[in-house]
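Trainee: please work out how this folds:
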Amino acid sequence: MKAKTYNTIFFILGLLTLLYMVYKIGLQVIWNNIMQTGIWFVPVIGIWLIIYILNALAFKEIIFERKLPESNLPFKLTMSGYAINYITPFIALGGEPYRVMKIQKKLNTNKATSSVLLYNIIHIFSHIIFWMVSIICIIIVLKPGLMALLGCILTFLIFFFLLYLVFLKYKKGFLII
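Mentor: Numbering: from 1, shown residues only. Okay, here's the model as predicted:
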């Protein structure tokens, strides 16, 4: 089968899955939840849109080559990759092979695989930094009690150690034994 046929089949399967989930949850329940969220629904969707755009720009920087004529390819891959990740039972394991398969047509397989791996490493790295900054903000703004402060410091140290491991492995290569 051709790639277009696979794309069509998977699109239909995804659409049917979405429709089944909406059916099982119920339109009224979904609508009630949106109404309960109130005005905050718009900023939440807006923030996630910004996050996905930034993820797509990061992915574009990683895979950027003059050979890629589709400038919106990273955005398509970001959105569809995350959608696949969210519907697979093994979160974050479905979208990555899909991304590799899609960009290996434009790049070679090694470059496609390393690009997706690097994107995920940077993505995890950014989450660790986000949480470290959040912990500092919690300590400064909320001035937690002794036990919470110790928990914050311990968590910060664990994240710091994880960052150290990432830098250590990044210098030597993640997949080099």
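Trainee: how distant is the host helix or strand of residue 8 from the center of its chain?
Mentor: According to DSSP states H and E, residue 8 maps onto helix 3-25. Relative to its chain's centre, helix 3-25 lies at 21 Å (Cα atoms, centre = their mean, to the nearest Å).
Trainee: and it, what does it pack onto?
Mentor: Packing partners of helix 3-25 (3 or more Cβ pairs under 8 Å, 6 or more residues apart in numbering; DSSP states H and E): helix 73-87. C-beta coordinates here come from the backbone N, C-alpha and C atoms, glycine included.
Trainee: so the helix it packs on versus helix 3-25, what angle?
Mentor: Using axes from the mean of the first three to the mean of the last three Cα atoms, to 10 degrees, the inter-axis angle of helix 73-87 relative to helix 3-25 is 40 degrees.
Trainee: identify each buried residue in helix 73-87, please.
Mentor: Across helix 73-87, burial judged by 16 or more other Cβ atoms under 10 Å covers 73-75, 77-78, 80-82, 84-85.
Trainee: still on that earlier bit, give me the contacts around the helix holding residue 8.
Mentor: By Cβ atoms under 8 Å, 6 or more residues apart in numbering, the residues outside helix 3-25 that reach it are 30, 83, 87.
Trainee: list the helices and strands the strand or helix carrying residue 45 packs on?
Mentor: In this assignment (DSSP H and E), residue 45 forms part of helix 41-63. Under the contact criterion of 3+ Cβ pairs under 8 Å, 6+ apart, helix 41-63 touches helix 73-87, helix 109-137.
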